[in-house]
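Q: Structure for this input, please:
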Amino acid sequence: MRAAAPSVTWTFTRLKLSLLRNGLRQSSGRTAAFVISIVLVLLLGAGQLLGLILLRGSEHAAAGVVPLAALMALGWAVMPVFFPSGDETLDPTRLVMLPLRARRLMPALLIASLVGIGPLFTVLVALGAVLALAHGAAGVVAAVIALPLLVLVCLALARAVAAVNVRLLTSRRGRDLALLSGLVIAVGVQLLNLGVQRLSDAGGLSALEPVADVLAWVPPASAVAAVQSAGEGAYGPALAQVALSAAALAVLLWWWFRSLDRLMTSPDASTVQAVTAREKSRGRTGRKGLTGLLPHSRTGAVMLRTLRYAWRDPKTKVGWASSLGVGILLPAVFAAQGNGSVYNACWVAGLLGIQMYNQFGQDYSGFWLVASTISSARDAYVETRARMLAIALIAVPYVTAVVVAYSLLLGEWQAIPEVLGLALGLLGVLMATGVYTSYRFPYSIPQDSGYKNVAPGQGSLAYLSIFGGMAIGALLCAPLVALTIWLHLSGGHAWLWALLPVGLLYGFSAPALALRGAAPRVAARLPEILTAVSRG
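A: This is a model prediction of the structure:
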């Protein structure tokens, strides 16, 4: 008789512990950060557990607990996408050389997923969720079933998503998503803050009851809702809700198995030819899509290079994403808090205008290629103007759309001309000061230093460039702001529409004058700029 293959679950659990221990040995700072994280998670998890237990007996307990379970599952679903390096075992391609089938790997990987800070917090929250709703013997039995079911669904969801997106997570785009995680977290915190404020204004958890009624039949929140149903004697709905979560777990395991089996048996991309030579040659010839509309000159080439930096370079992409996201989020937050003003739409113009700052530093050490093509003030003028046009190509339509949408949202459509004129004037002025600070205070952006955006020893240059340029920009915008205030105070509301053409003229003339004055200085300071941007 053939002997049964030994279990590898304990081996993978010890492997996870070894990876964690060896990672902490790399530096004392990492060890301290991990210890602090453990303490914070324990405190936060204990606070959540206590808070959920205090909800026990409240008539609106389910309204808070059921959406919390759904939110926790959503967090596990997006975690592998935005934090691909947080758990090395999430990458199944590291295991393809092992003589193991997917059926043996899945239990081991699932149990190994319980090791870590995230699972610890999840277990504490899940425990508090079921304790808040468990009443009577039936409720306790349902809680005993719901607790592991909720945790397993969360873990299986993370594993399945990671297996499906493993090619993305191990690519450059995956690393870009990891860098964007900070923006996503910031937006999520703001939305959560708004939600809490709305709950306070609407009378507490009772406002969430319609949402909880829907989520009570959506796995894995349905497992938590089953605890309340069982405690109230509704055994039929309780069984149905548990069955829904169990079915979701089965589907997730099947989905994970199919993805894992395909990864373990399919040929690696490095051993097969991805595209034919004809497709490669076709991809090299000419421009495609909207890029074909750019001028076929140095201006068009520089604009295309700048746009590609914004799309491909991780740190440049984060800067753009932050400006675009926060620029539209801030006015929405102000409006939701009752502090809405059409002039808040100017935030997006300010955030996009600073994208012109430190333009040469965004080239990293590769700026020497750009410098080698600049032999005169005319070349410097065309180079800098093209970079500005690339930013304006995105910023001007986006600022216009935000101003119009926000004004309509507040019901002040008549203010669109003046606000749009102010926003475009501010955008142009900041781009003009960005030209000056780019050649006068350039600094290096480290390529391999995580979230650091300034090379050591150049922090003062960065602060002077950004804050000094913004201060000068505010002073240059003072006449436009003063004109707006004067028209309002003097009763000249009928002439507020004139701020749009004045703002357009302001936003166009300021960069034009800055380019004329900066071009010869850029050409003269190329060695100093190259030295400054190559330090990282």
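Q: Need the contact partners of stretch 358-378.
A: Outside of stretch 358-378, the residues within contact range by CB atoms under 8 Å, 6 or more residues apart in numbering are 309, 313, 316, 379-380, 383-384, 387, 434-435, 437-439, 441-445, 447, 462, 465, 519-520, 522-523, 526, 529-530, 532-534, 536. For the C-beta atoms, the positions are set from N, CA and C on the backbone; glycine is no exception.
Q: One more: stretch 210-221?
A: For stretch 210-221, the external contacting residues (CB under 8 Å, 6+ apart) are 62-64, 66-67, 69-70, 73, 149-150, 153-154, 222, 225, 241, 244-245, 247-249.
Q: Now the buried members of the residues you listed.
A: Applying 16 or more other CB atoms under 10 Å to the contacts of stretch 210-221, the neighbour count classes 62-64, 66-67, 69-70, 73, 149-150, 153-154, 222, 225, 241, 244-245, 248-249 as buried.
Q: if we can go back for a sec, in helices, which of the contacts of stretch 210-221 fall?
A: The helices, defined by DSSP state H, take in 62-64, 66-67, 69-70, 73, 149-150, 153-154, 222, 225, 241, 244-245, 247-249 from the contacts of stretch 210-221.
Q: Lowest mean pLDDT among the helices and strands of this protein, which one is it?
A: Within the chain, no helix or strand scores below helix 277-284, which has a mean of 45 by mean pLDDT, DSSP states H and E.
Q: The top helix by length along the chain: how far from the chain's middle?
A: Ranked by residue count, the top helix of the chain under DSSP H comes out as helix 377-409. Helix 377-409 has its C-alpha centroid displaced from the chain centroid by 23 Å (CA atoms, centre = their mean, to the nearest Å).
Q: Now the element after it, going C-ward?
A: helix 416-440 (DSSP states H and E).
Q: Compute the inter-axis angle for that following helix and helix 377-409.
A: Here helix 416-440 runs at an angle of 150 degrees relative to helix 377-409 (axes from the mean of the first three to the mean of the last three CA atoms, to 10 degrees).
Q: helices or strands next to helix 416-440 in the packing?
A: Here helix 416-440 touches helix 346-353, helix 377-409, helix 469-489, helix 499-524, going by 3 or more CB pairs under 8 Å, 6 or more residues apart in numbering; DSSP states H and E.
Q: give me the number of residues near residue 50?
A: A total of 11 residues lie near residue 50 under the criterion other CB atoms under 10 Å.
Q: ok, and for the longest helix of the chain, which residues are buried?
A: Buried residues in helix 377-409, defined by neighbour count with 16+ other CB under 10 Å: 377, 379-392, 394-396, 398-400, 402-403, 406-407.
Q: repeat for stretch 251-265
A: For stretch 251-265, a neighbour-count test (16+ other CB under 10 Å) marks 252-253, 255-257, 259-261, 263-264 as buried.
Q: how far does that stretch sit from the chain's center?
A: Offset of stretch 251-265 from its chain centre (CA atoms, centre = their mean): 28 Å.
Q: Pick the one among the buried residues of stretch 251-265 closest to residue 164.
A: Residue 164 has its nearest neighbour among these in residue 259, at 5.1 Å by CB to CB.
Q: And for the closest one, nearest residue in space, chain neighbours not counted?
A: Nearest non-adjacent residue to residue 259, counting by CB to CB, 6 or more residues apart in numbering: residue 163, 3.8 Å away.
Q: Might you report the residue contacts of that neighbour?
A: Residue 163 neighbours (CB under 8 Å, 6+ apart): 92, 256, 259-260, 263.
Q: now it: how far from residue 35?
A: Distance, residue 163 to residue 35, using CB to CB, to the nearest Å: 31 Å.
Q: Could you give the number of residues near residue 316?
A: By other CB under 10 Å, 17 other residues sit near residue 316.
Q: element containing it, please.
A: In the assignment (DSSP H and E), residue 316 maps to helix 314-336.
Q: average pLDDT across that helix?
A: Averaged across helix 314-336, the pLDDT comes to 79.
Q: try stretch 346-362
A: Averaging pLDDT along stretch 346-362 gives 89.
Q: Quick check: buried residues in that stretch?
A: Within stretch 346-362, the residues scored as buried using 16+ other CB under 10 Å are 346-362.
Q: Can you give me the end-to-end span of it?
A: From its first residue to its last, stretch 346-362 covers 25 Å (CA to CA, to the nearest Å).
Q: from the chain's centre, how far out does it sit?
A: Using CA atoms, centre = their mean, the offset of stretch 346-362 from its chain centre is 19 Å.
Q: Where do the domain boundaries of this structure fall?
A: For the chain, automatic domain parsing gives the domain ranges 9-21+33-271, 296-533.
Q: what's around the residue lying closest to residue 486 once chain neighbours are set aside, how many residues?
A: Leaving aside its chain neighbours, residue 486 sits nearest to residue 492 (7.5 Å; criterion: CB to CB, 6+ apart). Around residue 492 there are 12 other residues, counting by other CB under 10 Å.
Q: returning to what we had before: which of the domains of the chain comes out lowest on mean pLDDT?
A: Here the lowest mean pLDDT among the domains of the chain goes to domain 9-21+33-271, at a mean of 78.
Q: centre of the chain versus that one, how much separation?
A: 20 Å.
Q: buried sites along the host helix or strand of residue 36?
A: Using DSSP H and E, residue 36 sits in helix 28-54. By neighbour count on 16+ other CB under 10 Å, the buried set for helix 28-54 is 41, 45, 48-49, 52.
Q: and the helix holding residue 316, what does it pack onto?
A: Counting by 3+ CB pairs under 8 Å, 6+ apart, helix 314-336 packs on helix 172-201, helix 298-312, helix 346-353, helix 377-409.
Q: Just want the angle from it to helix 377-409.
A: Going by the same axes, to 10 degrees, helix 314-336 makes 30 degrees with helix 377-409.
Q: the inter-axis angle of helix 314-336 versus helix 298-312?
A: Using the same axes, to 10 degrees: helix 314-336 against helix 298-312 is 70 degrees.
Q: hey, C-alpha coordinates of helix 314-336 in CSV?
A: Taking Å, rounded to 0.1, in the frame of the first residue of the first chain, the C-alpha atoms of helix 314-336 are listed here in CSV:
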residue,chain,number,x,y,z
PRO,A,314,6.9,55.3,-9.7
LYS,A,315,7.7,58.5,-7.8
THR,A,316,6.6,60.8,-10.5
LYS,A,317,3.4,58.8,-10.8
VAL,A,318,2.8,59.1,-7.1
GLY,A,319,3.2,62.8,-7.3
TRP,A,320,0.7,63.1,-10.1
ALA,A,321,-1.8,60.7,-8.5
SER,A,322,-1.6,62.6,-5.2
SER,A,323,-2.2,66.0,-6.9
LEU,A,324,-5.1,64.7,-9.0
GLY,A,325,-6.7,62.7,-6.1
VAL,A,326,-6.2,65.2,-3.3
GLY,A,327,-7.1,68.1,-5.6
ILE,A,328,-10.6,66.7,-6.1
LEU,A,329,-10.9,65.2,-2.6
LEU,A,330,-10.2,68.4,-0.6
PRO,A,331,-13.2,70.4,-2.1
ALA,A,332,-15.4,67.3,-1.6
VAL,A,333,-14.3,67.0,2.0
PHE,A,334,-15.0,70.7,2.7
ALA,A,335,-18.4,70.5,1.1
ALA,A,336,-19.3,67.4,3.1
